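> sharing a model that was predicted from the sequence below.
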Amino acid sequence: MLDPVDSDGATDAQGSGELDLETDIEAMVDALEADHDITVSVTVEGEDLLVEHITDARSVGSYEAEAAQIGFAYAALLEAGHDRHLERMTVTATASADGPTLATWYVESVWVEAYLATDLSEDELTEKIEGTIERGSIMPTRLR
């Protein structure tokens with residue numbers, strides 16, 4: 001699992017002991033790029049984490065692997081204490097920064113929290129997330 005936080009479980013904002021969501025998101029983006037060659041840009045809108053994911057995946061299986069890593073990164077943010085700030089992560093997958101949408105999907109924080117507490121199996125969590133997928137117009141021909 002990706003861990004965008006330091007060894008004490010949270011980024012200490014300038015020694016204050018408070019969580020620093022912006023710093024942890026930057027660390028998440030850097031880790032996805034460095035460890036998994038996954039390109040994302042992230043913004044926060046209210047309690048939603050909005051992720052723009054630029055992918056060159058050529059199959060559903062390879063995209064699922066990338067999506068799983070993005071999900072693990074979100075789980076790490078919630079485990080670090082950002083569950084009080086974030087209600088949902090919404091991901092938009094594109095082939096380029098200005099390209100058409102391949103797919104969008106989301107994960108609710110409560111689902112991840114239930115999974116982390118072992119109240120929800122990995123298969124159940126995956127099923128919930130898969131139920132949110134909206135495919136863009138080029139998804140069927142691009143990802144096969």
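Perfect, I can see it now. All values derive from a computational prediction rather than experimental measurement.
> and the residue most central in space within the chain, how far is that from Ala93?
Within the chain, one residue has its C-alpha closest to the average C-alpha position: by CA atoms, centre = their mean, that is Ile70, at 3.6 Å. Ile70 is 9 Å from Ala93, where distance means CB to CB, to the nearest Å. Backbone N, C-alpha and C define where each C-beta goes, glycine included.
> what do you get for Ile38?
11 Å.
> what of Arg84?
28 Å.
> out of Ile38 and Ala93, which sits in the busier spot?
Ala93 (27 against 21; other CB atoms under 10 Å).
> show me what contacts Val112?
Going by CB atoms under 8 Å, 6 or more residues apart in numbering, Val112 touches 71, 74-75, 78, 125.
> just the buried positions in the longest helix seen in the chain, please.
Longest helix in the chain, counting residues (DSSP state H): helix 60-79. By neighbour count with 16 or more other CB atoms under 10 Å, helix 60-79 contains the buried residues 63, 66-67, 69-79.
> and the next element down the chain from it?
Next along the chain after helix 60-79, taking DSSP states H and E as the criterion, comes strand 88-94.
> can you tell me the strand partners of that following strand and which way each runs?
Looking at strand 88-94 with DSSP bridges, its partner strands are strand 48-54 (parallel), strand 101-108 (antiparallel).
> could I get these as CSV with distance to Met28?
Formatted as CSV, these follow (distance: least, CB to CB, whole Å):
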stretch, distance to Met28
strand 48-54, 9
strand 101-108, 14
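> would you turn those into CSV with mean neighbour count and distance to Ser121?
Formatted as CSV, the strands paired with strand 88-94 follow (neighbours: other CB atoms under 10 Å; distance: least, CB to CB, whole Å):
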stretch, mean neighbour count, distance to Ser121
strand 48-54, 20, 23
strand 101-108, 19, 15
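> these: which one's closest to Glu33?
Evaluated over those, closeness to Glu33 peaks at strand 48-54, with 10.7 Å, by CB to CB.
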